[in-house]
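Trainee: model this:
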Amino acid sequence: MADRRARVRAPELVGRGWLNTGGHEVTLAELRGKVVVLDFWTFCCVNCLHVLDELRPLEQEFADSLVLIGVHSPKFVHEADPDALAAAVERYAVHHPVLDDPDLVTWQAYTARAWPTLVVIDPEGYVVASMSGEGHAHGLEVLVRELLAEHDAKGTLRRGDGPYVAPPPPTSPLRFPGKAVRLDDGSVLVSDTAHHEIVRLAPDLVTEQTRYAAQPPLAEPQGVLLLPPEVAARTGVDVAVADSVNHQVRGLHLASGEWTTLAGTGSQLRERTGGGPALAQDLSTPWDLAWWQDRLVVAMAGTHQLWALDLRADPADNEIQVLAGTSAEGIRDGDGGDCWFAQPSGLAVSADGEVLWVADSETSALRRVTVAPTGGQGAVAAADLAPAVQVETVVGQGLFDFGHVDGPAAQALMQHPLGVSVLPDGSVAIADTYNGAVRRYDPASGEVSTLLGDLAEPSDVLVDDDETLLVVESAAHRIERIGIPPVARRVDGLAHTTQRPRTEIAPGEVDLVVDFVPPTGQKLDLRWGDPTQLMVSSSPEALLREGSGTAQGLTRRLHLDPRVGDGILHVSVRAAACDGDPVTGEVPEHAACHLYQQDWGIPVVLVDGATTELRLDLRGT
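Mentor: I've put the predicted structure just below:
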C-alpha cells in the first residue's frame, strides 16, 4: 500500500441522533474490524446526490465488510429539521445509517470543508484517506480492496452484517412529486419522482387517469414540459421529461405511451463542457425544461448551467449545446459564456417570450435570462445552435445567504427555491421550497412578497386559471389547487448565513495547495500537458488582490488584502488521472481516464501570525 501521513485515530461520531439504525446509536468501537466510509453530505446538494449514486455499487459489493455512514451536516436552516432530513433519506433511497449532525460537531472533528466529503477509516479505527467532490468511485473501490486484503492478512478484518436497519416502507399514491404541467383538458401530468414514473391526474388532482412507466425505467424524473403543437407534430413527442438520475431528456407520446430518448447517453457528464449530437452527449442531472427561442432549454443542475436542445424530426439529428454558465457555482451575471449559476432547478418563460426566468436553488436566487443585443458574447461556439444571452440576478445574494425576507428585490431573501411560473399579470411566482412558501416578484415595482405559506416543500408552482395556482407539495406527496390571494403578504423574517467555522489564515501572501494522490494503478497523464486545473475567486472580490482566475496546476500563490479582513474563497479544481503501468508509470495510449473535481466555498478570516498555507484534499491519503 502507498505511504501515508501519520496515523490519526478517527474521532467519535457525535450528533443529535441516528436514522436507519432502528434507534440504535452507532459507535466506532462497534465498527472496529470493518472498513468505514463517512459520507459528509447535505440534501440540497446535487453533487452529494451524485456521490450517493456512485457509492451504491460499493455498498452492495462489500456489504459484509464495508460500512457506509452518512453524516448529514446541513447548509440551510430547513435541512436541520429532523423531519425534513428523515424525508430526504427516504426520498433519495439512502440505505445506510445516517448521523444527524445539525451543529456540525462531527463535520468539525473531521475538518470537513466541502459537501460532499468522503473519509475512509480502516478496520483498526484510523483515518486513511479524505476525498472531496465527485468521481471517486473507482479510486475508492481500489482503496477498499487494498484495505480488505491488508487487514484480512493481519487478522484485523471482521465480516458480517452492519448496523443498517431498514425503515418500514411508505405508501401513498404519489411519492415526492417533483414538477407538473397542466394539459388542455384540465388534467395534470406530474413527475412521481420517488416512484420513477409520470402520472396523469384528472382535474380533481387525485384520480389517476394514466401512469406512464418507461423502458428503460425513469430514475427520479423531475421537469415535465408540454411541447408546442408544431414541435409535437414534427417529432411525434408531446411531452419532454427531465430524467434526472439517468442524465437524459426523454420524450413521451401521450396517446401511445411510447418513449423516445431526446438527449443524453445515460452517463453523467464529467467534463462540464460539450455540445453537438444530442444522443452522443453526456448530461448531468437535468432538473427542469422550458421551450424558449424555438429550443428546449434544460436546467442542467449537475453542472450549474443552462443547455439548449434543438429538436429535429429524427432524434438522431438532435443537437445540444451550452446556453449559459461556465460550470462554476455561484452568482455572477453578464454574458452567458461568463456567468455562474448554482443548481438551476426551475424554468419559466414570460408571456411575450422575451424572458427566461430561472430558479437558481443553491444561491436562493431568481435569475433573468434574455437574448443578448447584437454583438453580445454568448456561450455557444457553433453558430445557430443557440442564441447569445445575458443573465441578471433579480433576487439573491450568494451561495451562503438566505432567509425569508420580503420587500425590495435587492434586499429580499429566499431559501432554496426549486420552481418558478409566470402569473397572468406578468409577475413571477416562485416555489420557495425550504421556506414552505410561494413568493411573488413584481418586475414593475421590483418588490418581493409572499403569496402562500405553510406548505410542505413546494417544488413547483403553475397557473391553473386567472384565480388559482397548482402547487406541488413534494414533502406532502400531493398537488394542491389554491386560490391566488388578492393581496400578498409582506414577511420580515430572519436572514441567515450558512454557519461554518472560519479558517484563520494570514493576510498577504498565502499558498493554496490542493492535495491529489491518484489511486493505485492511476497516473497523471502528462503527455498533452498538465491535466489539472484550478479556478479561484473570492467574495467580496476585493479580498483577493492577486491569484484569481483559471489556470493549470494544483497550487496557487494568493495575495489577500488585510483591509478586507474576512470573506469566502471560492476554489474549483479538477484533475484527470489515467490507468497506468504501476511499475514504469507509463500511461497507455488508450488508457481509461477518470476525472476528479470539487468546488469549495471556504469562509476565511485574516489573522496576523496565522498559517500562510491553505491545504485542501481533493484526494489525500
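
Trainee: any idea whether Ala194 is helix, strand or coil?
Mentor: Assigned with DSSP: H, G, I helix; E, B strand; the rest coil, Ala194 falls in the helix class.

Trainee: separation between it and Arg175?
Mentor: From Ala194 across to Arg175, the span is 4 Å (CB to CB, to the nearest Å). All C-beta atoms are positioned from the backbone trio N, CA, C, and that covers glycine.

Trainee: between those two, which one's more packed in?
Mentor: The residue with more neighbours, out of Ala194 and Arg175, is Ala194; 20 against 17, by other CB atoms under 10 Å.

Trainee: thought Arg91 was touching the more buried one, still the case?
Mentor: Yes - using CB atoms under 8 Å, Ala194 is in contact with Arg91, at 5.9 Å.

Trainee: find the residues that touch each one of the two.
Mentor: Residues touching both Ala194 and Arg91 by CB atoms under 8 Å, 6 or more residues apart in numbering: Phe176.

Trainee: pull the residues that contact stretch 504-514.
Mentor: Residues contacting stretch 504-514 (CB under 8 Å, 6+ apart): 534, 536, 547, 554-562, 569, 571, 573, 604-618.

Trainee: whichever of those end up buried, select them in PyMOL.
Mentor: Under the burial definition 16 or more other CB atoms under 10 Å, those of the contacts of stretch 504-514 that qualify are selected in PyMOL by:
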select buried, resi 534+536+547+554+556+558+560+561+569+571+573+604+606+607+614+616+617+618
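
Trainee: inside strands: which ones of the contacts of stretch 504-514?
Mentor: When DSSP state E defines the strands, the subset of the contacts of stretch 504-514 inside them is 534, 536, 555-560, 569, 571, 573, 604-606, 613-618.

Trainee: just the CA trace of the helix ranked longest in the chain, in CSV.
Mentor: Assignment by DSSP state H gives helix 137-154 as the longest helix of the chain. The C-alpha trace of helix 137-154 is given here as CSV (Å, rounded to 0.1, in the frame of the first residue of the first chain):
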residue,chain,number,x,y,z
ALA,A,137,-16.0,5.6,-7.0
HIS,A,138,-13.2,3.9,-8.9
GLY,A,139,-10.4,5.1,-6.6
LEU,A,140,-12.5,4.3,-3.5
GLU,A,141,-13.1,0.8,-4.8
VAL,A,142,-9.3,0.3,-5.3
LEU,A,143,-8.6,1.6,-1.7
VAL,A,144,-11.3,-0.6,-0.2
ARG,A,145,-9.9,-3.7,-1.9
GLU,A,146,-6.4,-2.8,-0.6
LEU,A,147,-7.6,-2.3,2.9
LEU,A,148,-9.6,-5.6,2.9
ALA,A,149,-6.6,-7.5,1.7
GLU,A,150,-4.2,-5.9,4.2
HIS,A,151,-6.4,-6.4,7.2
ASP,A,152,-7.5,-9.9,6.2
ALA,A,153,-3.8,-10.9,6.1
LYS,A,154,-3.3,-9.2,9.6
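
Trainee: just checking, next helix/strand downstream of that helix?
Mentor: strand 180-182 (DSSP states H and E).

Trainee: does Arg440 touch Gly426 like I think?
Mentor: No - counting by CB under 8 Å, Arg440 sits too far from Gly426 to count as a contact (11.1 Å).

Trainee: any idea how far Arg312 is from Asp579?
Mentor: For Arg312, the distance to Asp579 - CB to CB - is 37 Å.

Trainee: residue boundaries of the helices in the protein?
Mentor: 46-61, 82-91, 105-109, 137-154, 229-235.

Trainee: who's more crowded, Arg440 and Gly426?
Mentor: Here Arg440 and Gly426 are compared on neighbour count by other CB under 10 Å; more neighbours surround Arg440, at 22 against 13.

Trainee: who's in contact with the more buried one?
Mentor: Counting by CB under 8 Å, 6+ apart, Arg440 has contacts 423, 427-430, 448-451, 488.

Trainee: what of Glu208?
Mentor: 173, 199-202.

Trainee: ok, now Leu534?
Mentor: 512, 514, 550-556, 571-573.

Trainee: and these as a markdown table, adding distance to Ala301 and pLDDT?
Mentor: Output for those, formatted as a markdown table (distance: CB to CB, whole Å; pLDDT from 0 to 100):
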| residue | distance to Ala301 | pLDDT |
| --- | --- | --- |
| Leu512 | 28 | 96 |
| Val514 | 25 | 93 |
| Thr550 | 22 | 90 |
| Ala551 | 27 | 93 |
| Gln552 | 27 | 93 |
| Gly553 | 29 | 94 |
| Leu554 | 27 | 94 |
| Thr555 | 31 | 95 |
| Arg556 | 28 | 96 |
| Val571 | 21 | 92 |
| Ser572 | 16 | 89 |
| Val573 | 20 | 90 |
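
Trainee: which of the residues you listed sits closest to His136?
Mentor: Among the contacts of Leu534, Val573 lies closest to His136 (CB to CB), at 13.3 Å.

Trainee: tell me what that closest one is bridged to.
Mentor: Counting by DSSP bridges, Val573 forms beta bridges with Leu534, Gln598.

Trainee: if we can go back for a sec, let's have the contacts of Glu208 in TSV, adding distance to Ile320, neighbour count and pLDDT.
Mentor: Output for those, formatted as TSV (distance: CB to CB, whole Å; neighbours: other CB atoms under 10 Å; pLDDT from 0 to 100):
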residue	distance to Ile320	neighbour count	pLDDT
Pro173	34	15	96
Val199	27	21	98
Arg200	28	18	98
Leu201	31	23	98
Ala202	35	13	98
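
Trainee: and which of those is nearest Glu54?
Mentor: Nearest member of the contacts of Glu208 to Glu54, counting by CB to CB, is Val199, at 29.0 Å.

Trainee: and the closest one, how far is that from Gly178?
Mentor: Val199 is 11 Å from Gly178, by CB to CB.

Trainee: and for these two, which residues touch both?
Mentor: Common neighbours of Val199 and Gly178 (CB under 8 Å, 6+ apart) are Val190.

Trainee: which parts of stretch 519-529 are buried?
Mentor: 519, 522-525.

Trainee: coming back round to it: of the contacts of Arg440, which one scores lowest on pLDDT?
Mentor: Minimum pLDDT for these is recorded at Ala488 (80).

Trainee: who's in contact with it?
Mentor: 440, 449-451.

Trainee: in PyMOL, select just the buried ones from the residues you listed.
Mentor: Selecting only the buried entries of the contacts of Ala488 in PyMOL, with 16+ other CB under 10 Å as the criterion:
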select buried, resi 440+449+450+451
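
Trainee: dump the contacts of Ala488 into JSON lines; add distance to Ile479 as well.
Mentor: Formatted as JSON lines, these follow (distance: CB to CB, whole Å):
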{"residue": "Arg440", "distance to Ile479": "20"}
{"residue": "Ser449", "distance to Ile479": "23"}
{"residue": "Thr450", "distance to Ile479": "20"}
{"residue": "Leu451", "distance to Ile479": "17"}
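
Trainee: which of the contacts of Ala488 fall within strands?
Mentor: Applying DSSP E to the contacts of Ala488, the entries found in strands are 440, 449-451.

Trainee: closest to Pro221 out of the contacts of Ala488?
Mentor: Leu451 (26.7 Å).

Trainee: now that closest one. Nearest residue, chain neighbours left out?
Mentor: Val438 (4.6 Å; CB to CB, 6 or more residues apart in numbering).
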